[in-house]
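**Student:** Following is a predicted model, sequence given first.
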Amino acid sequence: AQRVTQPEKLLSVFKGAPVELKCNYSYSGSPELFWYVQYSRQRLQLLLRHISRESIKGFTADLNKGETSFHLKKPFAQEEDSAMYYCALNTNAGKSTFGDGTTLTVKP
Amino acid sequence: GAGVSQSPSNKVTEKGKDVELRCDPISGHTALYWYRQSLGQGLEFLIYFQGNSAPDKSGLPSDRFSAERTGGSVSTLTIQRTQQEDSAVYLCASTPTGAANYGYTFGSGTRLTVV
């Protein structure tokens, strides 16, 4: 069975500092991994997919199959990055398994 | 439509009553998903529809929960005899197909409160 673990419920950094939101997964097959973000009073939205290898809003995430991780990183956090972040794993079964989420607060 | 639409946005109901939650996915999206988001917890999978295939109901927590999707478009999630533990935000999402590499487009959710 697949599982996604986000070890930090809360993460607080100062503006301009680097930030890393951790995500570890458990799945024996070839995973598709995603990060979603939910800003205050907005709907949950897709931030990035590992398959597209893109950088969105300065965030990147690298799939490390050896460590079964998909950590989300940004070199210089901004106050507008404050939000809830969810890591998700999708398999050929179609549905996604989500982590419990990390609330990021970027302090001025 | 332009996005995934859910109604109502808020629903307060008395314990024991039935409720219906509606989801209108993006036009042309064949895959539709229902999740439940409880305070301080992640998203819990409920049910998944893909085209004309039989739905994956493996996440429904009890037989009080059911869902249907008519004409491959609009879906209704029904909770019978609601209990206080059913209080949560119910999210609907859709994707163009059921392929694993598509990310979800979510609706804004229905906040259900059972009193």
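**Tutor:** Perfect, thanks for sending it. Residues are numbered from 1 along each chain as shown, chains lettered A, B, ... in the order given.

**Student:** which bits of chain B sit near chain A?
**Tutor:** Residues of chain B lying close to chain A by CB under 8 Å from any CB of the partner chain are B:31, B:33, B:35, B:40-43, B:45, B:48, B:50, B:56, B:59, B:91, B:98-101, B:103-109. Any C-beta I mention is one placed from the backbone N, CA and C, and that applies to glycine too.

**Student:** ok, of those residues, which come out buried?
**Tutor:** B:31, B:33, B:35, B:42-43, B:45, B:48, B:50, B:56, B:59, B:91, B:98, B:100, B:103-109 (16 or more other CB atoms under 10 Å in any protein chain shown).

**Student:** Please, which helix or strand holds the residue nearest the centre of chain B?
**Tutor:** Computing the C-alpha centroid of chain B and ranking residues by CA atoms, centre = their mean puts residue B:34 first, at 3.1 Å. Residue B:34 is part of strand B:31-37, with elements assigned from DSSP states H and E.

**Student:** so what secondary structure elements neighbour that strand?
**Tutor:** strand B:43-50, strand B:75-79, strand B:88-95 (3 or more CB pairs under 8 Å, 6 or more residues apart in numbering or on different chains; DSSP states H and E).

**Student:** try it again with 6 Å
**Tutor:** Judged by 3 or more CB pairs under 6 Å, 6 or more residues apart in numbering or on different chains; DSSP states H and E, strand B:31-37 is in contact with strand B:43-50, strand B:88-95.

**Student:** what separates it from the chain centre, distance-wise?
**Tutor:** Mean-position distance between strand B:31-37 and its chain equals 5 Å (CA atoms, centre = their mean, to the nearest Å).

**Student:** do the same with stretch A:36-50
**Tutor:** For stretch A:36-50, the distance to the chain centre is 9 Å (CA atoms, centre = their mean).

**Student:** buried stuff in that stretch?
**Tutor:** In terms of neighbour count (16+ other CB under 10 Å), stretch A:36-50 has its buried residues at A:36-38, A:43-44, A:46-50.

**Student:** Now for those residues: which two are most distant?
**Tutor:** Taking CB to CB, the two most distant members of these are A:43 and A:50; they sit 22.0 Å apart.

**Student:** For chain A, what lies in contact range of chain B?
**Tutor:** Within chain A, the positions near chain B by CB under 6 Å from any CB of the partner chain are A:32, A:34, A:43-44, A:46, A:49, A:51, A:90-92, A:94-95, A:98-101.

**Student:** Show me these that map onto strands.
**Tutor:** A:32, A:34, A:46, A:49, A:90, A:98 (DSSP state E).

**Student:** and the residues you listed, which two are the farthest apart?
**Tutor:** A:49 and A:98 (14.4 Å).

**Student:** The most far-flung residue of chain A relative to its centre: what's its closest spatial neighbour, skipping adjacent residues?
**Tutor:** For chain A, the C-alpha farthest from the mean C-alpha position belongs to residue A:108; by CA atoms, centre = their mean, that distance is 22.1 Å. Excluding the flanking residues, the one nearest residue A:108 by CB to CB, 6 or more residues apart in numbering or on different chains is residue A:15, at 5.5 Å.
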